[in-house]
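A.B. asks: dropping a prediction and its sequence here:
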Amino acid sequence: MSSPLPTTPRDIINLSLKTANVLGVGQAASAEDVNDAFNVMNMMMAQWQRRRYMVYQLITQSVQGTSALSYTVGPGGDFDIPRPAKLESAFFRQNQNTPLPVDYPLTILRAREDYNRIAIKNLNAFPQYAFYDAGNPVGNLFIWPVPNNQYEVFITVMQQLQQFDNLSDEIVLPPEYKAALMWNLTLELYPLYGLPVSDVVARKAEASMRIIEQANTQIPRMAMPVSLQSTTGTYNIYGDFYIGSTVG
């Protein structure tokens, strides 16, 4: 009779310890070994969270504009979600209470220095830009010009990968993640026990990551950077963009 597939962190850890030759046939891991492997597993998951190709889904959350200069992002914040490291995209919605609401994309400013260049930060007008300051434990989202209650602001971020609270947690990840967890945890365990890395395990770990990457990869359509487009119209000195610009 075949054994059931692993469904908990304890199952993955036992498989990894055996694969790393830390445990032999019929042996049981000590509580210390299991606890160390459990901590390493959660640290590995936290690193995977920062890799776009390891995250299987993007989520979109919204908040009503309030004319505030910024909105908190994180547990208990205006955007009550796990704190993201960055924004994947952002947009705002006008006429949200009508049969035909209209969405407008926001240009994401990736650096504090770019946001600092804005001279009048509390200007109320048609929103154009979003800057996310990834503080910890809660980040701050700045929209400029500042949106009032006519607008609803949306941000798209990476889904939070599962973090395990105990060894018996049910693994609620897509099926292909279980093999990646086992093979890559095995790689992480080798140096803890002073064991040489198996070439077979290294190849299996890499292959399991590639399978997830292929499943999760989403490539947006390419667009010409604004700075390279021919523009006409009136230059806005406060926002560093052209009003009524057209592509030549």
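C.D. replies: All right, it came through fine.
A.B. asks: what's the closest non-adjacent residue to the residue minimising distance to the centre of the chain?
C.D. replies: With distances taken as C-alpha atoms, centre = their mean, the residue of the chain nearest its centroid is residue 158 (3.1 Å). Excluding its sequence neighbours, the residue lying closest to residue 158 (C-beta to C-beta, 6 or more residues apart in numbering) is residue 55, at 4.3 Å. Quick note: C-beta positions are derived from backbone N, CA and C, even for glycine.
A.B. asks: how about residue 96?
C.D. replies: Here the nearest residue to residue 96 in space, its sequence neighbours aside, is residue 152; by C-beta to C-beta, 6+ apart that works out to 4.8 Å.
A.B. asks: give me phi/psi at the one you found?
C.D. replies: phi -120, psi 130 (degrees, to the nearest 10).
A.B. asks: does it touch residue 62 like I think?
C.D. replies: Yes. The pair residue 152 / residue 62 is scored as a contact, 5.3 Å apart, by C-beta atoms under 8 Å.
A.B. asks: give me the common contacts of the two.
C.D. replies: Common contact partners of residue 152 and residue 62 (C-beta atoms under 8 Å, 6 or more residues apart in numbering): residue 93.
A.B. asks: all the strands of the protein, residue numbers only.
C.D. replies: Counting by DSSP state E, the chain has these strands, from start to end: 58-64, 70-73, 89-94, 102-105, 107-109, 129-133, 139-144, 151-158, 234-236, 241-243.
A.B. asks: need those in a markdown table (columns: mean pLDDT).
C.D. replies: Converted to a markdown table, these look like this (pLDDT from 0 to 100):
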| stretch | mean pLDDT |
| --- | --- |
| strand 58-64 | 97 |
| strand 70-73 | 98 |
| strand 89-94 | 96 |
| strand 102-105 | 95 |
| strand 107-109 | 97 |
| strand 129-133 | 98 |
| strand 139-144 | 98 |
| strand 151-158 | 97 |
| strand 234-236 | 67 |
| strand 241-243 | 63 |
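A.B. asks: return the helix or strand in the protein with minimum mean pLDDT.
C.D. replies: Ranked by mean pLDDT, DSSP states H and E, the weakest helix or strand in the chain is strand 241-243, scoring a mean of 63.
A.B. asks: domain map for the chain?
C.D. replies: 9-53+161-216, 58-158 (automatic domain parsing).
A.B. asks: out of the ones you listed, nearest to residue 222?
C.D. replies: Among those, domain 58-158 comes nearest to residue 222, with 14.5 Å by C-beta to C-beta.
A.B. asks: tell me how far that closest one is from the chain's mean position?
C.D. replies: On the basis of C-alpha atoms, centre = their mean, to the nearest Å, domain 58-158 sits 16 Å off its chain's mean C-alpha point.
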